[in-house]
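>>> Generate a structure from the sequence data that follows.
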Amino acid sequence: MNDHNYNTGFLNYCQICYSKDLLEVMNLGYQPLADDLIKVSEFNRECIYYPIKINLCKKCRYLQNNYIVGDKILYNKDYHYRPGISKSVVDNLSMLANETIRNYDLKPEDLVVDIGSNDGTLLSQFKYLGHFNLLGVEPTGTYIFHKDHNINVVNDYFNLKSSQKIYSKYGKAKIITTTNVFAHTNKLGDFIKGIKNIIRKDGIFIIENHYLLDVIKKNQFDTFYHEHLRTYSLKSLIRLMKLYGFYIYEAKTSDRYGGNIQVHFTLQKVNRSSNVNKILKIETDFGLDNPKTYLKFNSNIEKIKIELFEYFNKNKSKFIVGKAFPARASIIIHYFSFIKDHLQFIAEQPTSLKIKHFVPGTSLEIKSSNLLLKNKPDIMVILAWHLFDVISKKWRQKGLKKTSFVAPLPRLKIYK
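Have a look, this model is predicted:
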């Protein structure tokens, strides 16, 4: 079996089955890293641009980026994303903790490990619900926020080596979670072996990630930033984990982040949930195994690009701002490059670590959303378009009665 660990640079083969029979689905050109935000005080610092080309393996139908930047460059001490400042994300993680405790009958002594735990938000939800044997693993500077919740954390990259240290100090885990992490690491083989090293035989490994079917169905090309090396279907996840001796137990999909999938694996042979076969059938019926599905996806994006260009050109005299800067927004701004020429600034929550930074590769500043009521925009482009209804309703109620709210995806949407 290949080790599924990849060095930095170009890949001309499938990350999973190593076939070289690849179909180019989309070429986004060279772009800066989505989290390489430049401080306003360091305006002259230049960003490094890396390629993004998305390929489909014709043999095993994996959708994947063909360039590896590397974990240590992407996930460093200055990482800016924090789930704890977003109510919708916190609510989702609270639901995950609640369901996990209920469905797997956690005992007080059972260890729960969250890999890529960021600021400790998910683990804090377990603690709020009365479970205290918790451990986070987080390589970036956001690990310091675990102290706010009084939760143990290992400030390191998760791999086979670090898993051995975790096992020596904390023992084996009943539950291991990883939300929006499993598609990211370039040392995938070491990551899975590390999971196997610290999970109990009766343990559950929960993966939650953006979902291939929703990416294609909703034209979510903005999920193809450098951190997302792979885009999983349920079928592809089952195939991958089987190579390492894991069996699927449960699967479910949700609308989080525009559509994601949550899959539960175990080392024990178990009867899989009925949800598994239902989702697999939906994937087949949708055409995820058909290359034509992906070529149509590419064509859809180009149509949206034209629609947006015409809309902005028609409204070029208006006062336009962007709202929210998730990592995916960087892809929209750079591939639909005309957008940045029309935005005055991008507004983020006042508690965001991204404020007083420039969007990577631009002179577009990220400012506090407190400014929106003082400088009421004619048009607000909601770059976190998957939260369009929540954000537009909130700011309409706050006083932006005359503002038009715009979502760039999955199709141009205008709410006046």
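>>> any low-confidence regions in the protein?
Counting by pLDDT under 70, the low-confidence segments of the chain come to 1-2.
>>> What are the boundaries of the helices in it?
Applying DSSP state H to the chain gives helices spanning 71-74, 87-104, 121-128, 146-149, 160-170, 188-198, 212-217, 234-242, 274-286, 291-314, 327-335, 388-398.
>>> would CSV of those with mean neighbour count and distance to I48 be doable?
For the C-beta atoms, the positions are set from N, CA and C on the backbone; glycine is no exception. Formatted as CSV, those follow (neighbours: other C-beta atoms under 10 Å; distance: least, C-beta to C-beta, whole Å):
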stretch, mean neighbour count, distance to I48
helix 71-74, 16, 9
helix 87-104, 17, 29
helix 121-128, 23, 30
helix 146-149, 16, 30
helix 160-170, 15, 27
helix 188-198, 21, 24
helix 212-217, 22, 26
helix 234-242, 19, 30
helix 274-286, 14, 36
helix 291-314, 14, 25
helix 327-335, 23, 14
helix 388-398, 15, 31
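>>> Take those helices and lay them out in CSV including distance to D255.
Converted to CSV, these look like this (distance: least, C-beta to C-beta, whole Å):
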stretch, distance to D255
helix 71-74, 26
helix 87-104, 10
helix 121-128, 18
helix 146-149, 27
helix 160-170, 33
helix 188-198, 27
helix 212-217, 8
helix 234-242, 16
helix 274-286, 15
helix 291-314, 19
helix 327-335, 15
helix 388-398, 11
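>>> Quick test: name the residue nearest the centre of this structure.
Centroid-nearest residue in the chain: N180, 4.6 Å away (criterion: C-alpha atoms, centre = their mean).
>>> residue contacts, it?
116, 208-210, 257, 260 (C-beta atoms under 8 Å, 6 or more residues apart in numbering).
>>> State the distance from L234 to I261.
According to C-beta to C-beta, to the nearest Å, L234 and I261 sit 6 Å apart.
>>> Overlap in contacts, the two.
Joint contacts of L234 and I261 (C-beta under 8 Å, 6+ apart) are 251, 279.
>>> Please export the C-alpha coordinates of stretch 251-263 as CSV.
This file holds the C-alpha atoms of stretch 251-263, laid out as CSV (Å, rounded to 0.1, in the frame of the first residue of the first chain):
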residue,chain,number,x,y,z
ALA,A,251,-23.0,9.1,7.6
LYS,A,252,-25.0,12.3,7.3
THR,A,253,-25.0,15.5,5.3
SER,A,254,-25.9,19.0,6.3
ASP,A,255,-26.0,22.6,4.9
ARG,A,256,-23.1,23.8,7.0
TYR,A,257,-20.6,25.8,4.9
GLY,A,258,-22.8,25.4,1.9
GLY,A,259,-23.0,21.6,2.3
ASN,A,260,-20.8,19.2,4.2
ILE,A,261,-20.6,15.5,5.1
GLN,A,262,-20.1,13.9,8.5
VAL,A,263,-18.9,10.3,8.5
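>>> which of the residues in that stretch are buried?
Within stretch 251-263, the residues scored as buried using 16 or more other C-beta atoms under 10 Å are 251-253, 256-263.
>>> And Y244, its phi and psi?
Taking degrees, to the nearest 10, you get phi -110, psi 10 for the backbone angles of Y244.
>>> what's the nearest residue to it if we skip its chain neighbours?
Distances taken as C-beta to C-beta, 6 or more residues apart in numbering place I192 nearest to Y244, at 4.9 Å, with adjacent residues excluded.
>>> ok, now L134?
L123 (4.6 Å).
>>> Next: N300.
N219 (5.0 Å).
>>> Next: K58.
Nearest residue to K58, sequence neighbours excluded (C-beta to C-beta, 6+ apart): D21, at 4.5 Å.
>>> Does the one you found touch R61 like I think?
No. When contacts are counted by C-beta atoms under 8 Å, D21 is not listed as touching R61 (11.2 Å).
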